[in-house]
Each structure stands twice: as C-alpha cells, then as structure tokens.
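**Student:** Have a look; sequence and predicted model below, questions after that.
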Amino acid sequence: MHTRNARGFTLVEIMVALTVVALTLSAGIQAAGALTRQAQRQSDQWLAQLCAENELARLRLSSEWPGIGESERSCEQGGRALRVRLGIQATPNPNFRRVEARVDDPGDAARPVLLNLTTVLGRY
C-alpha cells in the first residue's frame, strides 16, 4: 500500500483564505472612508460655528437694535466661502430678540445646512 504525504494547501483552502482576506480589507477600507468623511464634516461644522458666532457677536456689539426679519451674509473661513442666514424674531419681552443663525455651503447641495445656532439678544 502506497501512502502519500500531503504537502501544501488545496485550491479550495487557498480560495477560502483569499475570500477572508478580501472581506477584511474591504471592511477596513470602508471604515477608513467613514473616518475621513467624519473628520471633514467635523471641520466643516467647526468653520460654520466660527461664522455663526462671529455674526452673533457682530449683532451684540452693534449700536443698533436689530430689526425683525431675515438677512444673509457671506463668510469666509479656512478658505471656504460659507453663507450665514440670520433670522431675527420678536419675543414676548420687547427688550429681547430671538436670533437664529443658519450656516450653509452654497456649493454643497448634499448638506444644505451645516449648523443651526440660536440665541437670545438683549437690548441693553
């Protein structure tokens, strides 16, 4: 009787190993892409927050009491052109105004609003 020493791997074992490696690499690439997108989104929101806070500080430092209504201003932060939309509304107390700052990127239709920031502005 002749015994045969099996050395090496069968084709099926190699194909299974390659499939496992391919699935693992695919999951790693997707995770890296998600982290990159999240980092970009965080950066965009940080720049949007700077724009919104600058506009709210401008209103607080202005000697004029802001009128009720909507306005729009452009804001450049970090080399990006963003747009700040201010909505000013009356409150039950006439010495206060509700101010909502909405920041968006005019060039990015996928994310219409990057940040909403709302505060109350006092007259004195």
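**Tutor:** Noted; the coordinates are in hand. Numbers count the residues shown, from 1 in each chain.

**Student:** Could I get the average pLDDT for the host helix or strand of R37?
**Tutor:** Take DSSP states H and E as the rule and R37 turns out to sit in helix 11-61. Helix 11-61 carries an average pLDDT of 91.

**Student:** which strands and helices sit next to it?
**Tutor:** strand 69-77, strand 80-90, strand 96-104, strand 115-122 (3 or more C-beta pairs under 8 Å, 6 or more residues apart in numbering; DSSP states H and E). Quick note: C-beta positions are derived from backbone N, CA and C, even for glycine.

**Student:** Can you lay out those as TSV showing mean neighbour count, distance to T10 and mean pLDDT?
**Tutor:** TSV is the format used below for the helices and strands packed on helix 11-61 (neighbours: other C-beta atoms under 10 Å; distance: least, C-beta to C-beta, whole Å; pLDDT from 0 to 100):
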stretch	mean neighbour count	distance to T10	mean pLDDT
strand 69-77	12	60	93
strand 80-90	16	56	93
strand 96-104	19	58	95
strand 115-122	14	58	93
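
**Student:** Could you say which one of those strands comes nearest to G28?
**Tutor:** Closest to G28 of these is strand 80-90 (C-beta to C-beta; 30.0 Å).

**Student:** Tabulate the CA atom coordinates of that closest one in PDB.
**Tutor:** The C-alpha atoms that make up strand 80-90 are tabulated as PDB, following Å, rounded to 0.1, in the frame of the first residue of the first chain:
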ATOM      1  CA  ARG A  80     -14.200  78.200   2.300                       C
ATOM      2  CA  ALA A  81     -17.000  80.500   1.300                       C
ATOM      3  CA  LEU A  82     -19.900  79.900   3.600                       C
ATOM      4  CA  ARG A  83     -23.300  81.700   3.900                       C
ATOM      5  CA  VAL A  84     -24.900  82.800   7.200                       C
ATOM      6  CA  ARG A  85     -28.600  83.400   7.200                       C
ATOM      7  CA  LEU A  86     -29.800  85.300  10.200                       C
ATOM      8  CA  GLY A  87     -33.500  85.100  11.300                       C
ATOM      9  CA  ILE A  88     -34.500  87.700  13.900                       C
ATOM     10  CA  GLN A  89     -37.800  87.200  15.700                       C
ATOM     11  CA  ALA A  90     -39.700  89.100  18.400                       C
END
